[in-house]
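Asker: Can you look at this prediction? I've put the sequence above it.
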Amino acid sequence: MKNKKLIVWHNPRCRKSREGLRAAEAMAEAKGLTLEIRKYLDEPPKAGELKAVLRKSGMKADEILRNQEKIWKENFKGKTYSDDELIAIMSQYPKLIERPLVIYGDKAVLARPAENIKKLFE
């Protein structure tokens, strides 16, 4: 394996994120990988990082947007945004990023459900 690191963008307060992290820990152990946990609310991703993860996942920005969050409803709801604008908004307000995102090499998945992590190794 060329890449030995499994990266999880994690929010410890989120049940789904904790489930994804447990699945990532098990996968990392099974595959002999290093697990890197990024608490992205404490260390928000820059717009370029978000773009790279979206490219690796094949998803669009609105597919990882938490549009039920209070921040979204109060400030952005009802308006139309380009992918780049959504990426900038999520970079500024990382709570709007769906979690957990799991990255391995040139692939990334939204681990909702946690079983999606298996797609990184297909």
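Answerer: Perfect, I can see it now. Remember, it's a predicted structure, so these values are computed and weren't measured experimentally.
Asker: drop to CA atoms for contacts and neighbour counts, all remaining ones
Answerer: OK.
Asker: all strands in this structure, in order from the N-terminus.
Answerer: Per DSSP state E, the chain has strands spanning 5-10, 34-39, 101-104, 107-110. These are given in chain order.
Asker: Make JSON lines from these and add mean neighbour count, distance to Ala88 and mean pLDDT to it.
Answerer: Formatted as JSON lines, the strands of the chain follow (neighbours: other CA atoms under 10 Å; distance: least, CA to CA, whole Å; pLDDT from 0 to 100):
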{"stretch": "strand 5-10", "mean neighbour count": "23", "distance to Ala88": "17", "mean pLDDT": "97"}
{"stretch": "strand 34-39", "mean neighbour count": "16", "distance to Ala88": "19", "mean pLDDT": "97"}
{"stretch": "strand 101-104", "mean neighbour count": "24", "distance to Ala88": "17", "mean pLDDT": "97"}
{"stretch": "strand 107-110", "mean neighbour count": "23", "distance to Ala88": "19", "mean pLDDT": "97"}
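Asker: Quick one: those strands as TSV, columns for distance to Gln92 too.
Answerer: Formatted as TSV, the strands of the chain follow (distance: least, CA to CA, whole Å):
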stretch	distance to Gln92
strand 5-10	16
strand 34-39	15
strand 101-104	17
strand 107-110	20
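Asker: can you map out the helices along the protein?
Answerer: With DSSP state H, the ranges of helices along the chain come out as 15-31, 47-57, 70-75, 83-92.
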